[in-house]
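K.L.:
Task: produce atomic coordinates for the following.
(3 chains)
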Amino acid sequence: MSDGSPSFIHPTALVETDRIGAGTRIWAFAHIMRDVTIGAGCNIGDHVFIESNVRLGDNITVKNGVSIWEHVDIADNVFVGPNAVFTNDRFPRNPHTSYDPRATWIEEGVTIGANATILCGLRVGRLAFIGAGAVVTRDVPPHALVVGNPARQRGWVCACARRLQPAPDGRACCAYCGRRYTIAPTGVRSEP
Amino acid sequence: MSDGSPSFIHPTALVETDRIGAGTRIWAFAHIMRDVTIGAGCNIGDHVFIESNVRLGDNITVKNGVSIWEHVDIADNVFVGPNAVFTNDRFPRNPHTSYDPRATWIEEGVTIGANATILCGLRVGRLAFIGAGAVVTRDVPPHALVVGNPARQRGWVCACARRLQPAPDGRACCAYCGRRYTIAPTGVRSEP
Amino acid sequence: MSDGSPSFIHPTALVETDRIGAGTRIWAFAHIMRDVTIGAGCNIGDHVFIESNVRLGDNITVKNGVSIWEHVDIADNVFVGPNAVFTNDRFPRNPHTSYDPRATWIEEGVTIGANATILCGLRVGRLAFIGAGAVVTRDVPPHALVVGNPARQRGWVCACARRLQPAPDGRACCAYCGRRYTIAPTGVRSEP
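P.N.:
I've put the predicted structure just below:
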């Protein structure tokens, strides 16, 4: 979390921007290109690459071996697991006769599991949980748990990432942390 | 594309061969071993590794985090997506009492999607498209689209990478670029 | 294999421990943190990361692009394929309000295939074989072959990694190397 402390850049990292927020740490052999903006309180692992024009929010963790391409948008409090893979082109060919990049939107608080693959032109909703190794080919609703190749929804998760077991009326209380939700066809709503 | 311009090697890259074609670019923290040959007009991303004795053709893109092992053969105009993984041993054990490497052949113009896994001892045919996250365990015909784990064929693609929708007589005209093909049990043939 | 020869550390590798066994080799752009112990005769590939407090046994191969986190325990003679991914947290979120790491046990002689994903809180038994691209979500018995996402058992393998074809009485003789086993509901037993 950001606490106003200075950022830390490992001596072997290559950082070509000065727009790094307070308390953000960037680890060994990472490469942050110019015209990147990284918020406060982030943790950017070894061997990570962030391409020009990417903007990361605050308190984001990017574990080792991840590349974040232009047109990938990552909101605050997202966790990106090790070797998770993003894309920005649905039809890559060489030579690029028809390069037509698509944006990917990773909303606030999402977890992207280890080695997951996220296709482009889609949105992963707030606090969704992408299981390790999942291949995400379509939009993911907020609070959804998706796993597999292609990724399919297997249920809903709490803000604390544990599975929710909704009652027949759609009400769910997290057995781990006690947060309350109502799960309706229109989505998940937090309850007081 | 190659235009006779000099090659570019990022200052943090480690390049132990001088057989790098005109216009080829090699990016940060990449490691190209000795006795590697890379053609003209290639783009080799950050954190890529290319093992001794590999020969790459012309106009190949290798995105970040890919390792290309000896016995992997990649033809001209291939696109290798980020964190795609090759192999050269079907029965790896430690210690290597029975090391028996097998070749992998990636033909001209193939797309290998992000985070795909390519087993060895197989051939991916010309202009085939390996979907992101696919695990390829057998030969892939030219122009085939394969996805999933294990990868299964889901259809055919044009040279521009878009899906082809063949008519009952096997003729297909790409809705995106207008190229024409005939799709027969023996494979895909370009038509004038 | 360890033969008492000195270890080798590539000039671009970053090694913050001195507990590296005889004959172990550490390659380019790898990062071994402090308070790591690596046994003898290991081979640690390019762009590998090993986190503080990890202990590796002897004669282990870790191919390129792998991160080994605290709480991952790897025994002697294990082969970890390129870009294979480990984890140590079942419920990662940001911020880490409920960090509760779980151990992963990779037993002696296991093969972890290229780009496989290993969830935490589980045990992979001696000489098991995790297929390339598999996503392992539960314990794997000794000598089991598992593939797919999620990984499912498809049979049994010999110490030499070849498939075993048990007779109805459970006896199996490896067609490749001649080792003999009895396969029972309680597991696989070597026979003289």
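K.L.:
Relative to C:Val48, how far out is the residue nearest to A:Lys63 when sequence neighbours are not counted?
P.N.:
Nearest residue to A:Lys63 in three dimensions, chain neighbours excluded: A:Pro82, at 4.0 Å (CB to CB, 6 or more residues apart in numbering or on different chains). Any C-beta I mention is one placed from the backbone N, CA and C, and that applies to glycine too. Relative to C:Val48, A:Pro82 is positioned 12 Å away (CB to CB, to the nearest Å).
K.L.:
what do you get for A:Phe49?
P.N.:
In this view, A:Phe49 and C:Val48 are 17 Å apart by CB to CB.
K.L.:
So is stretch A:135-152 next to chain B?
P.N.:
Yes - judged by CB under 8 Å from any CB of the partner chain, stretch A:135-152 comes into contact with chain B through A:Val135, A:Asn149, A:Pro150.
K.L.:
restrict those to those near chain C?
P.N.:
When contact is defined as CB under 8 Å from any CB, the residues of stretch A:135-152 next to chain B meet chain C at A:Asn149.
K.L.:
In a markdown table, list the residues of stretch A:135-152 next to chain B along with secondary structure and neighbour count.
P.N.:
Below are the residues of stretch A:135-152 next to chain B laid out as a markdown table (DSSP: H, G, I helix; E, B strand; the rest coil; neighbours: other CB atoms under 10 Å in any protein chain shown):
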| residue | secondary structure | neighbour count |
| --- | --- | --- |
| A:Val135 | strand | 29 |
| A:Asn149 | coil | 27 |
| A:Pro150 | coil | 19 |
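K.L.:
Counting neighbours, what do you get for the nearest residue in space to A:Tyr99 that is not next to it in sequence?
P.N.:
Spatially, and ignoring its direct neighbours in sequence, A:Tyr99 is nearest to A:Asp89 (6.4 Å; CB to CB, 6+ apart). Neighbour count for A:Asp89, taken as other CB atoms under 10 Å in any protein chain shown: 22.
K.L.:
Please give me every residue in contact with A:Asp89.
P.N.:
A:Tyr99, A:Asp100, A:Pro101, A:Arg102, A:Cys120 (CB atoms under 8 Å, 6 or more residues apart in numbering or on different chains).
K.L.:
The third one contacts A:Phe91, correct?
P.N.:
No - taking contact to mean CB atoms under 8 Å, the distance of 10.2 Å between A:Pro101 and A:Phe91 leaves them out of contact.
K.L.:
which intervals of chain A have sub-threshold pLDDT?
P.N.:
Under the criterion pLDDT under 70, the flagged ranges of chain A are A:1-4, A:97.
K.L.:
Write out the residues of it neighbouring chain C.
P.N.:
Proximity of chain A to chain C (CB under 8 Å from any CB) is limited to residues A:1, A:12, A:28-29, A:45-47, A:59-61, A:63-65, A:77-79, A:81-83, A:109, A:111, A:113-115, A:132-133, A:147-149, A:159-162, A:176-177.
K.L.:
Between A:Pro101 and A:Phe91, point out the one with more neighbours.
P.N.:
A:Phe91 (20 against 16).
K.L.:
ok so, going back, export the contacts of A:Asp89 as CSV, with columns for secondary structure and distance to B:Gly41.
P.N.:
Listed next are those as CSV, based on DSSP: H, G, I helix; E, B strand; the rest coil; distance: CB to CB, whole Å:
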residue, secondary structure, distance to B:Gly41
A:Tyr99, coil, 16
A:Asp100, coil, 21
A:Pro101, coil, 21
A:Arg102, coil, 25
A:Cys120, coil, 25
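K.L.:
ranking these by neighbours, who comes first?
P.N.:
In terms of neighbour count, A:Cys120 stands highest of these at 19 neighbours, by other CB under 10 Å.
K.L.:
got a list of what that one touches?
P.N.:
A:Cys120 sits next to A:His71, A:Val72, A:Phe86, A:Thr87, A:Asn88, A:Asp89, A:Arg90, A:Pro101, A:Arg102, A:Ala103, A:Thr104 when contact means CB under 8 Å, 6+ apart.
K.L.:
what about 6 Å?
P.N.:
By CB atoms under 6 Å, 6 or more residues apart in numbering or on different chains, A:Cys120 lies in contact with A:Thr87, A:Asn88, A:Arg102, A:Thr104.
K.L.:
Could you list which of the residues you listed also contact chain B?
P.N.:
When CB under 6 Å from any CB of the partner chain is applied, the members of the contacts of A:Cys120 adjacent to chain B are A:Thr87.
K.L.:
Would you mind giving the contacts of A:Cys120 as JSON lines with secondary structure added?
P.N.:
Output for the contacts of A:Cys120, formatted as JSON lines (DSSP: H, G, I helix; E, B strand; the rest coil):
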{"residue": "A:Thr87", "secondary structure": "coil"}
{"residue": "A:Asn88", "secondary structure": "coil"}
{"residue": "A:Arg102", "secondary structure": "coil"}
{"residue": "A:Thr104", "secondary structure": "strand"}
